[in-house]
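[1] Here is my input; please provide its structure:
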Amino acid sequence: MNSKIITKFTIATQQGMDALLYLTQTIAREIFLPLLPQEQVENYLSGNFNEKALMVEVNSMSNQWLVVYANDKPAGFARITSKGERPKVIAQKRVIRIADFGIIKEYTDPAIRQSLFDKCLSVCKPYEAIWINEYVENPFISLFESEGFTKQDGKSKLDKLPLQSVCLIKFLS
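    Coordinates of the predicted model:
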């Protein structure tokens, strides 16, 4: 399937917010409903990805939001942020975090995933390292590792969800 793929920054316009609300809700349900009780997932969504909370996060100077479009339809998103508890190994470095990275399951074209990931890397270039904290079953962990991220020892917990996670770091300089 040949699709037109573009990844771009998203701001707090109606179109940008509509795309992010759709993507965050859809992707979180696809990921977490098989792993957690529905009520817990819905509480997580209503607390973190409602219109008001998302507007605050999109307008935060700590975050940059990216949306990948396939044939002008939102297919996935990423949030790059300076927020979060840094791993000790990079605590004294200039680092950035890919805090969210997701693509709706129906979009299986690897070029979609690669477009979003490449845009993330270009945004992160000025930093010394990038870190990711993701749930252990995340299917994108193999992508991150193939792109030079290494799993860190030790167990972590996901922000706001009771799932075991893994921390991955990529050193840039």
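[2] Now the most centrally placed residue in the chain: which helix or strand?
    With distances taken as C-alpha atoms, centre = their mean, the residue of the chain nearest its centroid is residue 100 (1.6 Å). Taking DSSP states H and E as the definition, residue 100 sits inside strand 95-103.
[3] What angle do strand 95-103 and the helix or strand just after that strand make with each other?
    Sequence-wise, the next helix or strand downstream of strand 95-103 (DSSP H and E) is helix 110-124. Interaxial angle, helix 110-124 versus strand 95-103 (axes from the mean of the first three to the mean of the last three C-alpha atoms, to 10 degrees): 160 degrees.
[4] Give me the contact list for helix 110-124.
    For helix 110-124, the external contacting residues (C-beta atoms under 8 Å, 6 or more residues apart in numbering) are 3, 5-8, 64, 66, 68, 70, 75-78, 80, 96, 98, 101, 103, 130, 140, 143, 147, 172. No exception for glycine: its C-beta is placed from N, CA and C like everyone else's.
[5] Same question for stretch 7-22.
    Outside stretch 7-22, the residues touching it (C-beta under 8 Å, 6+ apart) are 49, 51, 54-55, 58-59, 64-69, 74, 77, 115-116, 118-119.
[6] and the residues you listed, which are buried?
    49, 54, 58, 64-69, 74, 77, 115-116, 119 (16 or more other C-beta atoms under 10 Å).
[7] so how far is the strand holding residue 100 off the chain centroid?
    4 Å (C-alpha atoms, centre = their mean, to the nearest Å).
[8] I'd like the mean pLDDT over stretch 86-93, please.
    If you average the pLDDT over stretch 86-93, you get 90.
[9] In PDB, could you pull the C-alpha coordinates for the longest helix along the chain?
    Counting by DSSP state H, the longest helix found in the chain is helix 14-32. Below are the C-alpha coordinates for helix 14-32, written out as PDB (Å, rounded to 0.1, in the frame of the first residue of the first chain):
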ATOM      1  CA  GLN A  14      -8.800  22.500  17.200                       C
ATOM      2  CA  GLN A  15      -7.400  20.200  14.500                       C
ATOM      3  CA  GLY A  16      -4.300  19.400  16.600                       C
ATOM      4  CA  MET A  17      -6.300  18.700  19.700                       C
ATOM      5  CA  ASP A  18      -8.900  16.600  17.900                       C
ATOM      6  CA  ALA A  19      -6.000  14.500  16.400                       C
ATOM      7  CA  LEU A  20      -4.300  14.100  19.800                       C
ATOM      8  CA  LEU A  21      -7.500  13.200  21.700                       C
ATOM      9  CA  TYR A  22      -8.300  10.600  19.100                       C
ATOM     10  CA  LEU A  23      -4.800   9.100  19.000                       C
ATOM     11  CA  THR A  24      -4.100   9.100  22.800                       C
ATOM     12  CA  GLN A  25      -7.500   7.500  23.600                       C
ATOM     13  CA  THR A  26      -7.400   4.900  20.800                       C
ATOM     14  CA  ILE A  27      -3.800   3.900  21.300                       C
ATOM     15  CA  ALA A  28      -4.000   3.700  25.100                       C
ATOM     16  CA  ARG A  29      -7.100   1.500  24.800                       C
ATOM     17  CA  GLU A  30      -5.400  -0.800  22.200                       C
ATOM     18  CA  ILE A  31      -2.300  -1.100  24.400                       C
ATOM     19  CA  PHE A  32      -3.700  -1.200  28.000                       C
END
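[10] Thanks a lot, see you next time.
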